[in-house]
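>>> All I have is the shape, not the residue letters:
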């Protein structure tokens, strides 16, 4: 009888251990599946350090108001669809004021404050026309990003071109390809037709099959072509060159990833800036 009891106890222990192992394996698999959905890890290669792309759920565009062919991305009343870059909610320094999105001056420099930072509309666009109004306080700086990826622990501009927003008259470093509506650090806007600080400007970005056009106050002021040798050359001559910033060069040279799509974002550069009438027309 004792031998039989020992045998039963042994079999029970084996069964319990087997069940526990299977559960542990299942939990590990579930955890791996979860992590693979929430972020994509890219290993170090060819001098480019390892990085992770965040893959958070996107908003449902069908829930946003339309004005003809245009989708309203900001209704002047709520931050529906918006959140902080690398965050789950809107930073508190971004507020709604008189129907516009305002960043309230931090004085801490670019994206330095814990309650500030860049923001993004939570949907990846591919070919589109974006329209928006903007104004800045005296000496302020900001920017509009597009085709951005959300890279864990990295700034938004590491993976996105920047439509410069600037007080051309009083910002200390306002010249050439750093003035408003320019492709930041690469192509100056011409003509330079920005209005003085405190006045509203109308900006626009057209992205269609690799061609990008910046618009400012009714004029086309910049044109360039993504995923071409010319685009690579522009990057190599900028602060995002392969030698100066390998990760930025890798992400910008392969802008929008495999699907050539990405987020639209607004920059916290430490100074007061306002945006309103943010709308988008999807072209394909």
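Everything's here; your move. These figures come from a predicted structure and were not determined experimentally.

>>> drop to CA atoms for contacts and neighbour counts, all remaining ones
Fine.

>>> My guess is residue 118 contacts residue 270. True?
No. If you go by CA atoms under 8 Å, residue 118 and residue 270 don't touch, sitting 10.2 Å apart.

>>> For those two, indicate the residue with more neighbours.
residue 118 (27 against 22; other CA atoms under 10 Å).

>>> dump the residue contacts of the more buried one.
84, 85, 111, 156, 265, 266, 267, 268 (CA atoms under 8 Å, 6 or more residues apart in numbering).

>>> swap the cut-off to 10 Å and go again
By CA atoms under 10 Å, 6 or more residues apart in numbering, residue 118 lies in contact with 83-87, 90-91, 94, 103, 110-111, 142-145, 155-157, 265-269.

>>> Let me know the distance separating it from residue 242.
Using CA to CA, to the nearest Å, we find residue 118 at a distance of 24 Å from residue 242.

>>> Tell me where the model's unsure across the stretch 51-200 of the chain.
Low-confidence segments of the stretch 51-200 of the chain, defined by pLDDT under 70: 106-113.

>>> go with 80
105-114 (pLDDT under 80).

>>> Strands of that one, residue ranges please.
In the stretch 51-200 of the chain, the strands defined using DSSP state E, counting those that start in this stretch lie at 51-54, 66-67, 70-72, 82-84, 94-97, 100-103, 119-125, 128-136, 141-148, 162-166.

>>> okay if I get those strands as JSON lines plus mean neighbour count and distance to residue 212?
Output for these, formatted as JSON lines (neighbours: other CA atoms under 10 Å; distance: least, CA to CA, whole Å):
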{"stretch": "strand 51-54", "mean neighbour count": "17", "distance to residue 212": "24"}
{"stretch": "strand 66-67", "mean neighbour count": "12", "distance to residue 212": "23"}
{"stretch": "strand 70-72", "mean neighbour count": "18", "distance to residue 212": "19"}
{"stretch": "strand 82-84", "mean neighbour count": "20", "distance to residue 212": "24"}
{"stretch": "strand 94-97", "mean neighbour count": "18", "distance to residue 212": "28"}
{"stretch": "strand 100-103", "mean neighbour count": "23", "distance to residue 212": "25"}
{"stretch": "strand 119-125", "mean neighbour count": "22", "distance to residue 212": "14"}
{"stretch": "strand 128-136", "mean neighbour count": "21", "distance to residue 212": "10"}
{"stretch": "strand 141-148", "mean neighbour count": "25", "distance to residue 212": "11"}
{"stretch": "strand 162-166", "mean neighbour count": "26", "distance to residue 212": "11"}
